[in-house]
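Trainee: here you go, sequence then predicted model.
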Amino acid sequence: MNIHWFPGHMAKTRRMLSENLKLIDVVIELLDARIPKSSKNPEIDDIIKNKPRIVVLNKSDLADEAVSKEWGEWYNSKGYTYIFVDSIRGKGLDSLKNKLRDMMREKLEREKQKGRLFRAIRTMVVGVPNVGKSSFINKIAGRASAVTGDKPGVTRGKQWIRLNREIELLDTPGILWPKFDDPQVGLNLAFTGAIKDDIIDVIEVAAILMEQLASSYPQNLKERYKLETLEGLTGGELLHAAGQKRGCVVAGGQVDLRRIAMTVLDEFRGGKIGRISLERPLIGGEVRR
């Protein structure tokens, strides 16, 4: 499947990011810990250029811990400043604030010497849709500051949020890029909900996900959907079997494939199938699935 989604408001967001960059001290690049490569917008590097950056791998509570450890080693080898975060429970957020202070310490000290005794650190959060920006901001701010939702495209305009006396944050809408060179990137974004379900064939997407999970996390799949065997079954056949087990049938005993497809996608996104990572790094910088 070749999946693409780049509505007009995303082009406006891209321009808005560039225009506001001069106001920003540190960029927080929010990625999905389950798909660090696919959830990284390649245009962000061109937009922020040499601006200081922290890579925040959100939804770490949904990712495979062993694979996340590999990603940590990979980011260390590349010299990135990064942190894994669980925005629901708040894990990693205090460390993030400390990293922001560390990155800005010298600059703020120079400003103090020039007579500017205090100003807040200005940060900007960027990321793809549905990566959890609003939940992340609300948790780090300690209040409901940003509009949240489980569908991509909830945040449509920029908004400044004061986290505390030290840190101000500019929230921005989720943004993708016009074309995915690798079709798997589009699929991974569809699996995780970064692309609207309205514009994809959810049955085909769910079937492909089932096939991939049968290869990489077979036990999780068997246990969640009470499947006796995965051997030799296509993704469509696995989806059909899961629908039968779940009782997703209509008149005449036919499996309601759309219903079970949405169930599988929702359960994957919510971590009910288990802690799953769809991408992992290799030494040398490549990514394997």
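Mentor: Nice, thanks for sending it over. Numbers count the residues shown, from 1 in each chain.
Trainee: the stretch 1-150 of the chain: helices as residue ranges?
Mentor: With helices called from DSSP state H, counting those that start in this stretch, the stretch 1-150 of the chain shows them at 8-20, 43-48, 65-78, 93-113, 133-141.
Trainee: deepest of the ones you listed, which one?
Mentor: helix 133-141 (a mean of 22; mean count of other Cβ atoms under 10 Å). C-betas here are computed from N, CA, C, even on glycine.
Trainee: show me the domain layout of the chain.
Mentor: Here the domain parsing of the chain from automatic domain parsing is 8-171, 201-288.
Trainee: now the ones you listed as JSON lines including mean pLDDT?
Mentor: Listed next are the domains of the chain as JSON lines, based on pLDDT from 0 to 100:
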{"stretch": "domain 8-171", "mean pLDDT": "85"}
{"stretch": "domain 201-288", "mean pLDDT": "93"}
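Trainee: so for A194, which of these sits nearest?
Mentor: Minimum separation from A194 across those (Cβ to Cβ) falls at domain 8-171, 4.8 Å.
Trainee: next one: that closest one to chain centre, how far?
Mentor: 12 Å (Cα atoms, centre = their mean, to the nearest Å).
Trainee: and the end-to-end length of it?
Mentor: With Cα to Cα, to the nearest Å as the measure, domain 8-171 spans 19 Å from end to end.
Trainee: flag every buried residue along stretch 76-93.
Mentor: 82-87, 92-93 (16 or more other Cβ atoms under 10 Å).
Trainee: er, stretch 34-53 I mean
Mentor: Going by neighbour count (16+ other Cβ under 10 Å), the buried part of stretch 34-53 is 34-41, 44, 47-48, 53.
Trainee: picking that back up, export the domains of the chain as TSV, with columns for distance to N188.
Mentor: Converted to TSV, the domains of the chain look like this (distance: least, Cβ to Cβ, whole Å):
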stretch	distance to N188
domain 8-171	4
domain 201-288	5
